[in-house]
Every structure is written in structure tokens, then in C-alpha cells.
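J.: Sequence isn't available, so here's the structure alone:
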């Protein structure tokens, strides 16, 4: 030990070697330590440094900070306004901020699948907004419903395009399967909202509903293509695919049943109106021509009744044919294709059924509107007739009063 201690005193390492080894050791220690997380400010600064020159950043920093300060003051003085905008509805002051925030989140989402899921979440948010606006008593409810339905249709069209974009990506089948039930629920909610509206608002929501149904068919199409693809055929089972297709067919059949019921009531009302017109015409002829021409009046009544029966047959023929029957036939064909495992043609049959069903629904609504307008017109005519009768009676009373006065004067 003494020898080593004496040797230590005689060893003097080279200064340059000592400094270089110390620097290497400190560098190794720094690299082995966990990296300090970069905050939002640092990340933003680094990003701007890569994209923009330092001089440009310094030039625009002042105006940008000023604009942000103005927005903060206008919206309440803090970023809490952004949070508050999440509860806003179309027509509210903060609603544009809500939409801008959603667009920003989409722009910052790099994964296409995550972007699709986020967009569907925004679609569900639009549906809830539409329901809230439709149930409101706002004087500008009409405009707000129309605007919200427009936003919803636009977002649904975007979702349909995004499904096409992601269908070949890894993990897309699972994502599309998750969307299937959510889109079906959206279609159901839109149908309920639409039933409580009238006129233009009903048509606007119906257009959004059409977009949702088309998106639902797109989901079925992607699942069928995945089943046909050797790389993804195990990602979707036969039971899942059959359930998805059957649920679409069942929903469409229910819509057809409701449309058929509307048409039934419309046809019965129209037939009843035709019969009443015939009876009124016969009564008028009998009144004008007198008892001696009763035979002619009876003949006219029988002829009018036959015409009414012919009209009933024509209505039955119309309501039993296209487009309602065409839609039912397309759905029946879709079920047959599913049973025979001929999957590729099913989306086309579903789209055919959807188009025919919408046409049938429009015709039923038009007939109902015409019937309502006719009943309103008849009601107005009855009011006018009652007014005329009252006026005639008042004239007769006045005339009788004048006659009595004249007779009394004569006696005097």
C-alpha cells in the first residue's frame, strides 16, 4: 500500500487527456439521463422555426398576439369561452367558435381512421343540436333547423368519402364495424326528428336523413369488400355481415310500412271526397230540375257513384304499384341475395329500394298536402256560404219590416 501511495504521487496525467476524458464522461451522462419533455410553447417555437424564417416569425408575432387578445376580450377574456362554445347551438354567438374548434381538431389529427371516428362524433353532435333546435320555441327556429340540417348533411357526405379513403388501411375494418351501429342510430334519430317538422324544415331534415342512409349503405359495401378480400376476410364474420345487412333491410321495410299507411289514409280521404262531390252534384240536379225529373237525377247519381268507384280502383292501382312496390321488391331481392351469399349485388338493391321509398314518401306527402289544401278551401267556402245566408236572411227581415210599416201606415 505504501508503495502504491508513493507511486500515486509520482503519476501526473496529461492535462489535455484529462480534459477530453472529462468532457466525454459528462456527455455520456447527459445522454443517459431522461429527456426533459418539451412544452407546448417549445414545440410551437420549434415548428415555426422549421416552417418560417426567424425574421418572418418576429414580423407577424406582434399582429397575431394582438388579434388573439382582441378575440379573448370579445369572447369573455379567457379560453373558457372555447369550452363554453361546446354547449352552443346554431344561431348562438359562440357557435362559429365551436365549428372552428372542430375543424382545428380534425386538421391536427394525422391518422385517417382517427379522423373518421372524430368526424362521426361531430355528426352525432350535429344530430343532438338539430333535435334541440327542433324542440325549441325560438322565433328563428325555421332558419336554425335548416342551417343545422345543412351542416349535418355536409358532415355525413364527408364521412362517406372518408370511409372510402380508409377501407384499404390496416385496422379499417374494425373501425367501420364500430361505425355501423352509430350510423344506424343516427338514421333512426333523424326519422323521429323529421316526423315532428313540417314544410321546408321537413325536407331539409329528409335530405340529411338520405345522406345518413347512403352512408349506412357505404358501410355495408365496405364490409362486403373486406369479406371478399383475402387479407381482411377474417376481420368480419358471416354473422356480423348478415346482421348488418338485415338491419338495413328491416329499417327500410318499416319505413315502407309507414309510407303505405300514409297512402292508405290519403286514398280513403280522396275517395270519400269524390263520393261527397258526386252526392252533392246529384242533389243539386234533383233540386234544380224538380220532382218530375227525379229519374234523371237518380241516373246522374248512379253514374257519379260509378265514377267514384272507378276512381277508387285507379287509386288502388296507383298505390299498389311503383314506387312502393318497387322498393318492396328490391328489399325482397336483397334478402334473397343474402341467403344465397351473393353479396356484391346487395348494396345496389338497397340503393334502389331507398330511391323508390323516398319517391313514394314524397308522393304521399304531396297527396296529403293537396287534401289538406282542399279541405281548407271547402271550409272557407262553407264560411262564405254561411255569411251569404245570413245576409239574405237579414235582407228578408228588413223587407218584411218595411212591408209591415207600410201596411200600418195605410190602415192609419
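T.: Here it is on my side, so go on. In this text the structure is predicted, and so the values were computed from the model without any measurement.
J.: okay, CA-based contacts and neighbour counts for the rest of this
T.: Fine.
J.: Low-confidence ranges, the stretch 201-350 of the chain, go.
T.: Of all residues in the stretch 201-350 of the chain, those with pLDDT under 70 make up the ranges 265-321.
J.: now the helices for this protein?
T.: Using DSSP state H, the helices of the chain run over 2-10, 15-32, 40-51, 54-74, 80-85, 95-107, 112-134, 141-166, 172-195, 199-228, 238-289, 294-319, 324-339, 346-411.
J.: Residue 183 reaches residue 218, doesn't it?
T.: No: look at residue 183 against residue 218 with CA atoms under 8 Å: they stay out of range, at 10.5 Å.
J.: what number of residues lie near the spatially closest residue to residue 88 that is not a sequence neighbour?
T.: If the residues on either side of it in the chain are set aside, residue 88 comes closest to residue 95, at 5.4 Å by CA to CA, 6 or more residues apart in numbering. Look at residue 95: counted by other CA atoms under 10 Å, it has 18 neighbours.
J.: just residue 150 next, same as before
T.: When neighbours are defined as other CA under 10 Å, residue 150 has 17 of them.
J.: In contact with it, which residues?
T.: Contact partners of residue 150, counting by CA atoms under 8 Å, 6 or more residues apart in numbering, are 204, 208.
J.: Equivalent analysis for residue 211, please.
T.: Shown in contact with residue 211 (CA under 8 Å, 6+ apart): 153, 156-157.
J.: what about residue 240, distance to residue 337?
T.: Distance check for residue 240 against residue 337: by CA to CA, to the nearest Å, it reads 16 Å.
J.: The two: which has the busier surroundings?
T.: Neighbour tally, residue 240 and residue 337, criterion other CA under 10 Å: the higher count belongs to residue 337, 16 against 13.
J.: separation between the more buried one and residue 242?
T.: From residue 337 across to residue 242, the span is 11 Å (CA to CA).
J.: Quick check, pLDDT for the residue nearest to residue 88.
T.: Model confidence at residue 95, given as pLDDT, is 90.
J.: again, but for the one 10 residues further on
T.: Taken from the predicted model, the pLDDT recorded for residue 105 is 92.
J.: Enumerate every residue touching residue 338.
T.: With contact set as CA under 8 Å, 6+ apart, residue 338 has these partners: 242, 245, 346.
J.: Correction: the previous question concerned residue 223.
T.: With contacts defined as CA under 8 Å, 6+ apart, the neighbours of residue 223 are 173, 176-177, 236, 241.
J.: what does residue 151 give?
T.: If a contact means CA under 8 Å, 6+ apart, then residue 151 has residue 126 as its contacts.
J.: where's it relative to residue 163, distance?
T.: Here residue 151 is placed at a distance of 19 Å from residue 163 (CA to CA).
J.: cool, and residue 87?
T.: Distance check for residue 87 against residue 163: by CA to CA, it reads 28 Å.
J.: higher neighbour count, those two?
T.: Legend: neighbour count by other CA under 10 Å for residue 87 and residue 163, higher for residue 163 (23 against 12).
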